[in-house]
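Undergrad: Test case, fold it:
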Amino acid sequence: MALRVRVANPGWIPPTPMSFDLKAYAQITRNAITQAFRALPAPIPHTRNIDGRRIGELSRLTREGNVRVELADKNMGVVAVSASWYNKEAYRQLNDATAYVATDVNAAQAQLRTAMFMLNSAVSALEPKEKAFILLHTNESTSPFALPYFYLLLKLHKTPVVGRPIVSWHNFALGNASSWVDAQLQPLLRLESSVLSSSNVFVADKLAAPTDQRECWLLTADVASLYTVMPLLAVVAALTWFLNRHATLGNFARNRIQTVIAVVRILMANSFLVFDDKVWRQLCGIPMGTHCGPTIANVLLLHLLDQPLLSTFGKRIGFYRRFIDDLFVRVADRKTALALRDWLHALQPWLKFSVNVHDTYIEFMDVLVFKSPGFLTHGRLDTAMHTKPMSRHLYVPFSSFHPRHCFSGIVIAELIRAAQLSSQPIAFLRSCVLLYQWFRLRGYPPSFLDKWFARVSWSTHRHIRKGTHNNNTQPLVCVVPYDTATSRIRWSELLAQSWSLISSAPGFSTPPITAWRVQRKLGAIFNAHNPNNHQRA
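TA: The predicted model follows:
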């Protein structure tokens, strides 16, 4: 089995020959990986999620109307459920008078035509290109607008089984307006320290913040049915506060605030959906399935949750991060954890939190956060890759008609994720064993897996951590669009001429340019002119 262990050089220190102890460690690690892989039972590769005979039977039942084939949550793939149960669950949610109200097609079409005129007036002050993008699908005054359809994403991990309501706004008349609102708010949310963009950022932030509180407790919470309970007045107040604050900081143009709020009002007032040839309108919030739905939820919880929580508990909160409606908190002691739990339950009557509290380990997103045996010494929480127990790990099967590099990209991306989320080598090795087994079940040959697995080592975690949080500074990114003008710029000559000026600028302890992406690969040219060639392009 062709496996190797790579030991990364520590940053800018010149490479040195491997010592006897280091060679022995590499050999032991290589043997441990090899033995773990060989100990796996020989799996039976599945080139399909379901065999042909069952597909034919499900097709027959679907045509007869007895069975519905739908998607399930938590990466469980496609499942078959009773059509009567599916309709009963959908109507149970749609008959909630606090979230939806029944209407008819004619009334919905008439209200949408009025909304188009209001939207045209609300965006009249924008630039012509922005206005044309927002109003692209709104000039259907003669023909009826296609209303979004409603469906359920089945949550089989819940007891009893329920459905997550999704409304598809693809090609809806207000879809472009939703995308525009999302584009206005997303760059501002990236500036908020409490808002997470991915689990990798969460791990890097947590590892960069060791705690002196050796008896700390861990708390996670999420909001139930957030997208259907957000009141319009609360959303408008949160957006007004959020945009005015960033306008004061110079991050947003103040004359665009009222335009954004006006467009959001139109979106929330015209959230129509169709199910079983019947029409409803969502009363509160904005449906899941829209571009701006998660962004608006982020802004609302930033205003109603993040700010008051951090100001109320102060220094008793050692670490706080939130990914949309899921939050993670490290508190000083059990008393604070219970007080925070009670505070969340009493925050708003329409915000229903499910809270988990533990003093040793806890699950958050796709990360397992835990206290290792050395926690009392170093004070850092450790992490490992976590998967839901019901996940089927439905990677693209190797029998699929894809280029070879697509399969290698899937494997290597999962290994990099495991390396980034694993704070200890043993956690990375365990993840490798599981990933190897899951990919074998999807038909990936051992000859390819051995080669691809050897390309990623746990040292990837150190590179990512050092590159993302070096001296608590974030990298500055310059994005240049590729067009007929920029394609003629001689980037290699500019970098070669200006590198010495940039690297000697005051305030830069390391070269500020570390990577770029253009049409041609310039890594070799860049490194040839970079005096500190430890940086990788």
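
Undergrad: Check the residue most central in space within the chain and give its pLDDT.
TA: Central residue of the chain (C-alpha atoms, centre = their mean): residue 198, 4.8 Å from the mean position. Residue 198 carries a pLDDT score of 86 in this model.

Undergrad: now it: how far from residue 189?
TA: 13 Å (C-beta to C-beta, to the nearest Å). Yep, even glycine has a C-beta here, placed from its N, CA and C like the rest.

Undergrad: swap in residue 347?
TA: 21 Å.

Undergrad: Show me what the helix or strand containing residue 410 is packed against.
TA: Using DSSP states H and E, residue 410 sits within helix 404-421. Helices and strands touching helix 404-421, by 3 or more C-beta pairs under 8 Å, 6 or more residues apart in numbering; DSSP states H and E, are helix 199-207, strand 382-385, helix 425-441, helix 446-453, helix 459-468.

Undergrad: switch to 6 Å and redo it
TA: In terms of contacts (3 or more C-beta pairs under 6 Å, 6 or more residues apart in numbering; DSSP states H and E), helix 404-421 is packed against strand 382-385, helix 425-441, helix 446-453, helix 459-468.

Undergrad: Give me the below-cutoff pLDDT ranges for the stretch 351-500 of the chain.
TA: 460-500 (pLDDT under 70).

Undergrad: on that earlier part again, contacts for the helix holding residue 410?
TA: 200, 203, 367, 383, 385, 395, 428, 431, 435, 452, 456, 458, 460-461, 464 (C-beta atoms under 6 Å, 6 or more residues apart in numbering).

Undergrad: Now it: buried residues?
TA: Going by neighbour count (16 or more other C-beta atoms under 10 Å), the buried part of helix 404-421 is 407-408, 410-411, 414-421.

Undergrad: Would you format those residues as a markdown table with distance to residue 283 included?
TA: What follows is the buried residues of helix 404-421, written out as a markdown table (distance: C-beta to C-beta, whole Å):
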| residue | distance to residue 283 |
| --- | --- |
| 407 | 46 |
| 408 | 48 |
| 410 | 42 |
| 411 | 46 |
| 414 | 41 |
| 415 | 46 |
| 416 | 43 |
| 417 | 39 |
| 418 | 43 |
| 419 | 46 |
| 420 | 41 |
| 421 | 39 |
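
Undergrad: ok, which stretches of this protein are strands?
TA: 67-71, 78-82, 100-103, 150-155, 162-167, 217-223, 272-275, 278-282, 317-323, 326-331, 353-358, 361-364, 367-370, 382-385 (DSSP state E).

Undergrad: Can I get the ones you listed in CSV including mean neighbour count and distance to residue 302?
TA: Output for the strands of the chain, formatted as CSV (neighbours: other C-beta atoms under 10 Å; distance: least, C-beta to C-beta, whole Å):
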stretch, mean neighbour count, distance to residue 302
strand 67-71, 16, 30
strand 78-82, 15, 35
strand 100-103, 14, 27
strand 150-155, 20, 25
strand 162-167, 20, 23
strand 217-223, 21, 13
strand 272-275, 22, 27
strand 278-282, 18, 22
strand 317-323, 19, 8
strand 326-331, 22, 11
strand 353-358, 15, 16
strand 361-364, 19, 18
strand 367-370, 20, 22
strand 382-385, 22, 24
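
Undergrad: Settle this for me: residue 242 is touching residue 299, isn't it.
TA: Yes - taking contacts as C-beta atoms under 6 Å, residue 242 lies within contact range of residue 299: 4.9 Å.

Undergrad: how is the chain carved up into domains?
TA: 20-46+399-468, 57-192+228-292, 475-537 (automatic domain parsing).

Undergrad: For residue 386, which non-adjacent residue is spatially closest?
TA: Using C-beta to C-beta, 6 or more residues apart in numbering and skipping the chain neighbours, the partner closest in space to residue 386 is residue 368 (4.0 Å).

Undergrad: Please name the nearest non-neighbouring residue to residue 381.
TA: residue 369 is the one closest to residue 381 (C-beta to C-beta, 6+ apart), at 5.4 Å.

Undergrad: Phi, psi for residue 74 please.
TA: phi 60, psi 40 (degrees, to the nearest 10).

Undergrad: so who does it touch?
TA: Contacts of residue 74 by C-beta under 6 Å, 6+ apart are 157, 388, 390-391.

Undergrad: Tell me how many other residues crowd the nearest residue to residue 425 once chain neighbours are set aside.
TA: Distances taken as C-beta to C-beta, 6+ apart place residue 458 nearest to residue 425, at 4.8 Å, with adjacent residues excluded. A total of 25 residues lie near residue 458 under the criterion other C-beta atoms under 10 Å.

Undergrad: What of residue 193?
TA: 9.

Undergrad: Would you list the phi and psi of the closest residue to residue 444 other than its chain neighbours?
TA: Spatial nearest neighbour of residue 444, chain neighbours left out: residue 398 (4.8 Å); criterion: C-beta to C-beta, 6+ apart. With angles defined as degrees, to the nearest 10, residue 398 sits at phi -70, psi -20.

Undergrad: Mind listing what's buried along stretch 194-207?
TA: Result for stretch 194-207 [16+ other C-beta under 10 Å]: buried residues 195-196, 199-204, 206-207.

Undergrad: what's near enough to touch residue 251?
TA: residue 188 are the contacts of residue 251 under C-beta under 6 Å, 6+ apart.

Undergrad: Residue 130 now?
TA: Residue 130 touches nothing, counting by C-beta under 6 Å, 6+ apart.

Undergrad: if we go to 7 Å?
TA: Under the criterion of C-beta atoms under 7 Å, 6 or more residues apart in numbering, the neighbours of residue 130 are residue 180.

Undergrad: before we move on, what about the one 5 residues further on?
TA: Contacts were defined as C-beta under 7 Å, 6+ apart; by that measure residue 135 touches 119-120.

Undergrad: From residue 216, how far out is it?
TA: In terms of C-beta to C-beta, residue 135 sits 52 Å off from residue 216.

Undergrad: Over to residue 271?
TA: Distance from residue 271 to residue 216, by C-beta to C-beta: 42 Å.

Undergrad: burial of residue 161, as a residue count?
TA: 14.

Undergrad: related to what we said a few turns ago, I'd assumed residue 439 was in contact with the residue nearest to residue 444.
TA: No - counting by C-beta atoms under 7 Å, residue 439 is not a contact partner of residue 398; they are 8.2 Å apart.

Undergrad: and these two? which has more neighbours close in?
TA: Neighbours per residue (other C-beta under 10 Å) separate residue 398 from residue 439, with residue 439 holding more: 26 against 19.

Undergrad: need the contact list for the more buried one.
TA: 395, 411, 449.

Undergrad: what's the closest of these to residue 305?
TA: residue 395 (35.3 Å; C-beta to C-beta).

Undergrad: Skipping adjacent residues, who's closest to residue 322 in space?
TA: The nearest residue in space to residue 322 (C-beta to C-beta, 6+ apart) is residue 194, at 5.8 Å.

Undergrad: got it, and residue 341?
TA: According to C-beta to C-beta, 6+ apart, the nearest residue to residue 341 is residue 355 (4.7 Å).

Undergrad: what's the distance between that neighbour and residue 320?
TA: 14 Å.

Undergrad: ok, so what distance separates residue 265 from residue 154?
TA: Taking C-beta to C-beta, one finds residue 265 at 33 Å from residue 154.

Undergrad: Sorry, wrong one. I was asking about residue 382.
TA: 34 Å.

Undergrad: ok, back up a step: what sits against the residue nearest to residue 386?
TA: 361, 383-384, 386.

Undergrad: Mind listing the residues bridging to it?
TA: Taking DSSP bridges as the rule, residue 368 bridges to residue 363, residue 384.

Undergrad: who touches residue 282 in this structure?
TA: Residue 282 touches 99-100, 228, 271, 273, counting by C-beta under 7 Å, 6+ apart.

Undergrad: okay if I get those as TSV plus pLDDT and distance to residue 165?
TA: Converted to TSV, the contacts of residue 282 look like this (pLDDT from 0 to 100; distance: C-beta to C-beta, whole Å):
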residue	pLDDT	distance to residue 165
99	91	9
100	93	9
228	90	7
271	93	11
273	93	9
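
Undergrad: nearest to residue 253, of the residues you listed?
TA: When these are compared against residue 253 (criterion: C-beta to C-beta), the nearest one is residue 271, at 27.4 Å.
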